[in-house]
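Asks: fold the following.
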Amino acid sequence: DNEGIPVDFDIYSGNNSEYNTLPVAIEALREKYGIEETIIVADRGLNSLANLKDANNRGFGFLVGQRVSNLPNEQKKAMVDPNGWTSVSHDLKFKAVPFKKKGYVNGVLEEVDCTLVLTFSEARKKRDLHELDAAIEYAQRCVNEQAEMPESRRYWTELVETSSKANCAVRLKQK
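Replies: So this is what the prediction gives:
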């Protein structure tokens with residue numbers, strides 16, 4: 001509604017891909033409530049080019065999460081460029097960066113014009129650095145013990161070279 005409170009919801013089977021349910025949900029809401037203009041807010045699990053293209057074709061706006069590691073170098077450079085940031089508070093700032101999301105939809109290379117809204121906070125930076133330090137410490141222990149690196153551990157593939165057998169940690173990667 002105009003206060004930002006959800007007007008409806010639906011439940012889908014757990015074995016359905018979220019990528020496929022978003023257009024169905026949007027159409028159901030459009031038909032049920034006569035919605036002609038809206039902004040779709042979703043996590044990165046719904047951020048497929050097909051979904052963004054569908055929203056764009058309907059004239060809807062969208063705000064979806066985007067994994068930083070999947071961005072082209074131009075957008076990664078914009079993240080570290082000190083220019084263009086707007087402060088929201090003493091700890092939070094943002095920057096809007098134009099971006100063309102490209103990919104294949106039904107076998108055809110497509111693109112959608114987007115605007116990345118980058119955010120930065122010192123608190124998040126501290127938390128992320130703490131997690132990275134813990135991951136490096138864990139990786140170093142695994143290297144020292146030539147232990148197997150479990151798939152469930154975040155970051156380790158970026159930090160450690162493994163032997164071809166059993167994902168045993170061999171050495172830390174140099175960055």
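
Asks: mind checking the end-to-end distance for stretch 144-160?
Replies: 12 Å (CA to CA, to the nearest Å).

Asks: show me the domain layout of this structure.
Replies: Domain segmentation of the chain under automatic domain parsing yields 18-121, 125-172.

Asks: can you tell me which of those the model trusts least?
Replies: Per-stretch mean pLDDT for those is lowest at domain 125-172 (a mean of 75).

Asks: quick one, phi/psi of the residue of the chain most remote from its centre?
Replies: Here the chain reaches farthest from its C-alpha mean at Glu145, the gap being 33.6 Å by CA atoms, centre = their mean. Torsion angles at Glu145 (phi, psi; degrees, to the nearest 10) stand at phi -100, psi 0.

Asks: separation between it and Ala139?
Replies: From Glu145 over to Ala139 the distance is 11 Å, taken as CB to CB, to the nearest Å. The way it works is simple: take the backbone N, C-alpha and C, and place the C-beta from them, glycine included.

Asks: re earlier: dump the domains of the chain into CSV; add distance to Glu3 as well.
Replies: Below are those laid out as CSV (distance: least, CB to CB, whole Å):
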stretch, distance to Glu3
domain 18-121, 14
domain 125-172, 31
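
Asks: excluding its backbone neighbours, what's nearest Leu109?
Replies: Leaving aside its chain neighbours, Leu109 sits nearest to Lys102 (6.8 Å; criterion: CB to CB, 6 or more residues apart in numbering).

Asks: any idea how many residues pack against the one you found?
Replies: 11 (other CB atoms under 10 Å).

Asks: measure it to Cys114 for me?
Replies: Counting by CB to CB, the gap from Lys102 to Cys114 is 10 Å.

Asks: again, but for Asp81
Replies: 18 Å.

Asks: how about Gly61?
Replies: For Gly61, the distance to Cys114 - CB to CB - is 10 Å.

Asks: name the nearest residue to Arg141, ignoring sequence neighbours.
Replies: Ala147 (7.4 Å).

Asks: next, count neighbours for the one you found.
Replies: Ala147, neighbours per other CB under 10 Å, totals 15.

Asks: got it, and Val160?
Replies: What Val160 shows, counting by other CB under 10 Å, is a neighbour count of 23.

Asks: need phi/psi at the closest residue to Ala42 other than its chain neighbours.
Replies: Distance criterion CB to CB, 6+ apart; nearest residue to Ala42, sequence neighbours excluded, is Val64 at 4.8 Å. Per-residue torsions, Val64: phi -130, psi 150 (degrees, to the nearest 10).
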